[in-house]
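# Pasting a predicted model and its sequence here:
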Amino acid sequence: MAFDFEAIADATSGAVGGLLSTTILYPLDTCKTKYQAEVQAGDSRKYRSLLDVLREAIASRQLLSLYQGIATKNLQSVVSQFIYFYSYSYFKQLYLQRSKAKHMGTSANLVVATAAGTCTALLTQPLDTASARMQTSAFGKSKGLWTTLAEGTWKEAFDGLGASLLLVSNPAIQYTVFEQLKRRLLERELKSKNAGGKDLAESKSRSSPVVLSAFTAFLVGAISKTAATVVTYPAIRCKVMIQAAEQESSKEPNNKQKDEQRPSKGLLQSFRIIWQREGAAGFYKGLQAQILKTVLGAALMLMIKEKVSQSTWLIMLALRRSLTGKPHLKVPIIQERKS
């Protein structure tokens, strides 16, 4: 099978975007994750808002612990984004070649995105689990990646896999909305420039992919991620519960609340615990924080991905030329839609 340079370029730019956005927003992500992991009702709650997590870090003089697990999170972000974008681009090209269509419709886009998300979840779940455990550990007591994974069995390293597979619908919804909005915006721009009746697919065939401006990509990314987050949030919270590190109190001997405070290891059990302790509203506890973090993260990632796509495309062209020995490959010109 031929080496897919376009898929590699798309995956590389996605991985870079994921790495930078994850690093920028990591303290917010840590606060959000610790807040979501707590399942208590009424006065027994330790955190009543996202700010309580930040106050705890400041009061305990562990402000830098807001970055605990960042290396693992960045590794997971780069690996998962690369696998996702490579899989998505590969399956997309495969579909277009087999169907001889000029672009994917909504249904095909959902299927392709779901397949890419499934591949990503299966290959990166241990990193995802370790990252969640490190973030939800007590401030200043987080352990390294291998130590965290070695504390349990390999089966436990895949805790939350069921929720992760369920959540492949999140990026599927996100990127379907993003790609459809992006295609419509660019097609409208090409028509306004009197492209001679050529559609977006024909334009791509004669140059490198047309990209959105940074500001437009940010807005479209925010809209698409908001829609996906609202739909899938109950599963997102259950996944955090399943993967969270055990409460310190649950490790103390003769603690009557030991079993209650131990995070659930099953999706159905997590749903049941939330319903019993917090009611229906508990399924959306921390939604605002999740939207803030994920929307900003997705928008930044997609914006960065769009802006670095030209560089990665040029690098892939140079690599292809060195491997194939073709000296006269044309250097593409990235066309940017003005916001």
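Now that the structure is in, tell me what you want to look at. Residues are numbered from 1 along each chain as shown.
# Any idea how far apart the tips of stretch 90-106 sit?
The first residue of stretch 90-106 is 17 Å away from its last residue (Cα to Cα, to the nearest Å).
# pLDDT averaged over it - what is it?
On average, the pLDDT along stretch 90-106 is 85.
# mind listing what's buried in it?
Tyr90, Phe91, Lys92, Tyr95, Leu96, His103, Met104 (16 or more other Cβ atoms under 10 Å). Every residue, glycine included, has its C-beta placed from N, CA and C.
# next structured bit after the helix or strand the third one falls within?
Using DSSP states H and E, Lys92 sits in helix 70-99. Using DSSP H and E, the helix or strand that follows helix 70-99 in sequence is helix 106-136.
# Pull out the buried positions in that following helix.
For helix 106-136, the buried set under the neighbour-count rule, 16+ other Cβ under 10 Å, comprises 108-110, 112-117, 119-121, 124-136.
# list the buried ones in the following helix or strand past it?
Per DSSP H and E, helix 106-136 leads on to helix 145-150 as the next helix or strand towards the C-terminus. For helix 145-150, the buried set under the neighbour-count rule, 16+ other Cβ under 10 Å, comprises Leu145, Thr148, Leu149.
# need the contact list for the second one.
If you count contacts by Cβ atoms under 8 Å, 6 or more residues apart in numbering, Thr148 has them with Thr72, Ala130, Arg133, Met134.
# Report the spatially closest residue to it, excluding sequence-adjacent ones.
If you skip the residues right next to it in sequence, Thr148 has Ala130 as its closest partner in space, 4.7 Å away by Cβ to Cβ, 6 or more residues apart in numbering.
# I'd like the distance between Leu20 and Leu300.
Summarising the geometry, the distance separating Leu20 from Leu300, computed by Cβ to Cβ, to the nearest Å, is 7 Å.
# repeat for Leu166
Relative to Leu300, Leu166 is positioned 25 Å away (criterion: Cβ to Cβ).
# who's more crowded, these two?
More neighbours surround Leu300 than the other of Leu166 and Leu300, with 21 against 18 (other Cβ atoms under 10 Å).
# What is the nearest of the buried residues of stretch 90-106 to Met316?
Compare each of those with Met316 using Cβ to Cβ and the shortest gap goes to Tyr90, at 14.2 Å.
# Test my guess that Val177 contacts Val230.
No - here Val177 lies out of contact with Val230, judged by Cβ atoms under 8 Å, at a distance of 12.0 Å.
# out of those two, which sits in the busier spot?
Between Val177 and Val230, counted using other Cβ under 10 Å, Val177 has the larger neighbour count: 20 against 13.
# so the more buried one is in which element?
Element membership for Val177 (DSSP H and E) is helix 169-192.
# ok, back up a step: looking at the buried residues of helix 145-150, which is nearest Leu25?
Leu145 (20.3 Å).
# quick one: low-confidence ranges for the protein?
Judged by pLDDT under 70, the chain has its weakly predicted residues at 1-7, 41-43, 193-211, 245-265, 310, 324-339.
# Check the burial of the closest residue to Leu123 other than its chain neighbours by counting its neighbours.
Closest residue in space to Leu123, ignoring its immediate chain neighbours: Ile83 at 5.8 Å, by Cβ to Cβ, 6+ apart. The tally of other residues near Ile83 (other Cβ under 10 Å) stands at 21.
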